[in-house]
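Q: Structure, please.
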Amino acid sequence: GVVDLCDILQLPQSTVSRHLKILLDQGWVKARRQGTTHFYRMILDELETPTRKLWLIAREQTESWPAIQQDRLRLDRRLEERRGESQAFFATAAGQWDKLRSDLYGQPFTTAALAALLPAEWTVADLGCGTRQIAHLLAGRVRRVIAVDNSPAMLKAAKKRMGDRPDVSLLRGELEALPIDDGTCDAALLVLVLSYLPDPPAALKELARILKPAGRAVIVDLQPHDRDDFRREMGQTLLGFGPDVLRDMLRPAGFGRIDITPLPPEPNVKGPALFLATAEKA
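A: Numbers count the residues shown, from 1 in each chain. The predicted structure follows:
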């Protein structure tokens with residue numbers, strides 16, 4: 001910015017602004033405005049060949065000038081101050097950074113960044129999609145999203161949330177008999193679904209059926225718990241899954257490379273702790 005240049009060059013703002021305007025008018029620099037501040041930059045590669053050669057000659061001839069050396073020292077000092085300002089902020093904010101970042105920016109951007117890592121050519125099934133929160137996140141990031149649920153109320157809410165998108169298919173069906181062709185999906189998600197199913201092994205076999213070879217399954221559900229009142233209140237059929245139980249269901253269904261990770265409860269949540277499981281179709 002102009003203020004930084006005034007400090008580095010030891011010149012009044014009127015002089016710096018006047019020279020910047022000349023450089024801008026003649027195409028030596030580009031400018032952008034952010035709030036009340038103007039930022040200037042010169043990109044050497046964008047200069048026309050004669051202009052670029054003139055700049056290189058001028059820089060070579062003036063590089064050893066004492067004034068240039070003094071300017072460079074002040075530039076280094078200013079950059080170090082900037083780094084110090086950032087370091088000072090994080091030194092005081094480190095303990096509260098997660099909460100501060102959440103308060104300032106929310107949480108969805110982290111999930112969106114991770115979703116952007118998915119290959120754009122994938123077809124992903126969101127099984128037991130509910131109101132389509134995951135499908136909404138994936139839409140536009142992968143080639144196709146197939147969302148399946150057996151609840152008309154959930155599908156109606158999902159339709160309202162998503163509208164009509166050519167890359168999202170919303171289907172009504174049972175997870176033990178999916179309305180999806182064999183070997184058509186690169187990945188499939190079961191997020192907080194297994195605990196509601198009367199026959200989880202059958203659903204996992206269907207999950208394997210719709211996946212391509214080496215397709216990925218991602219499962220999030222409840223760790224074992226003894227809160228039967230919670231189970232009844234939520235309409236669930238099971239009290240969660242232990243790692244060994246889940247592995248014994250995934251292997252016969254046709255999955256290998258199984259990884260199951262307990263997830264620590266988030267602050268102030270009321271439900272049982274969850275796990276994250278991933279597996280690959282053998």
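Q: Remind me what the longest strand along the chain packs against, helices and strands.
A: The longest strand of the chain (DSSP state E) is strand 211-222. Under the contact definition 3 or more CB pairs under 8 Å, 6 or more residues apart in numbering; DSSP states H and E, strand 211-222 sits against strand 185-191, helix 200-210, strand 274-281. The way it works is simple: take the backbone N, C-alpha and C, and place the C-beta from them, glycine included.
Q: what about that strand, average pLDDT?
A: Across strand 211-222, pLDDT averages out at 96.
Q: That one pairs with which strands, and in what direction?
A: The pairing partners recorded for strand 211-222 under DSSP bridges are strand 185-191 (parallel), strand 274-281 (antiparallel).
Q: Any buried residues in the longest one, and which?
A: Okay, so that is strand 274-281. By 16 or more other CB atoms under 10 Å, the buried positions in strand 274-281 come out as Leu274, Phe275, Ala277, Ala279, Glu280, Lys281.
Q: Okay, and the beta partners of the second one?
A: This means Phe275. Taking DSSP bridges as the rule, Phe275 bridges to Asp221, Pro262.
Q: Quickly note the distance from it to Arg247.
A: Computed with CB to CB, to the nearest Å, the distance linking Phe275 and Arg247 is 12 Å.
Q: Spit out the residues that contact those two alike.
A: Ile260 (CB atoms under 8 Å, 6 or more residues apart in numbering).
Q: Which pLDDT value goes with Arg83?
A: So Arg83 comes in at 69 (pLDDT).
Q: Might you report the residue contacts of Glu176?
A: The neighbourhood of Glu176, defined by CB under 8 Å, 6+ apart, consists of Leu197, Asp199, Ala202, Ala203, Glu206.
Q: need the contact list for the first one.
A: To tie it back to what came earlier, the one meant is Leu197. Counting by CB under 8 Å, 6+ apart, Leu197 touches Leu175, Glu176, Ala203, Thr237, Leu238.
Q: And for the last one?
A: When the contact criterion is CB under 8 Å, 6+ apart, the partners of Glu206 are Leu175, Glu176, Ala177, Leu178.
Q: just the buried members of these?
A: Buried among those (16+ other CB under 10 Å): Leu175, Glu176, Leu178.
Q: With pLDDT and distance to Leu23 added, can I get these in CSV?
A: Shown next, in CSV, are the buried ones among the contacts of Glu206 (pLDDT from 0 to 100; distance: CB to CB, whole Å):
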residue, pLDDT, distance to Leu23
Leu175, 92, 65
Glu176, 93, 70
Leu178, 95, 64
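Q: I'd like to know which of the residues you listed is nearest to Val168.
A: Distance to Val168, by CB to CB, is smallest for Leu178 among the buried ones among the contacts of Glu206, at 16.2 Å.
Q: where does the closest residue to that closest one other than its chain neighbours land on pLDDT?
A: Leaving aside its sequence neighbours, Leu178 sits nearest to Glu206 (CB to CB, 6 or more residues apart in numbering; 4.8 Å). Looking at Glu206, its pLDDT stands at 96.
Q: how close does Glu206 sit to Leu47?
A: 61 Å.
Q: try Gly235
A: From Gly235 across to Leu47, the span is 67 Å (CB to CB).
Q: and what of Cys129?
A: Distance from Cys129 to Leu47, counting by CB to CB: 53 Å.
Q: Spell out the residue ranges of the strands in this protein.
A: In the chain, the strands defined using DSSP E lie at 30-34, 37-41, 123-127, 144-149, 168-172, 185-191, 211-222, 255-263, 274-281.
Q: Much appreciated, bye for now.
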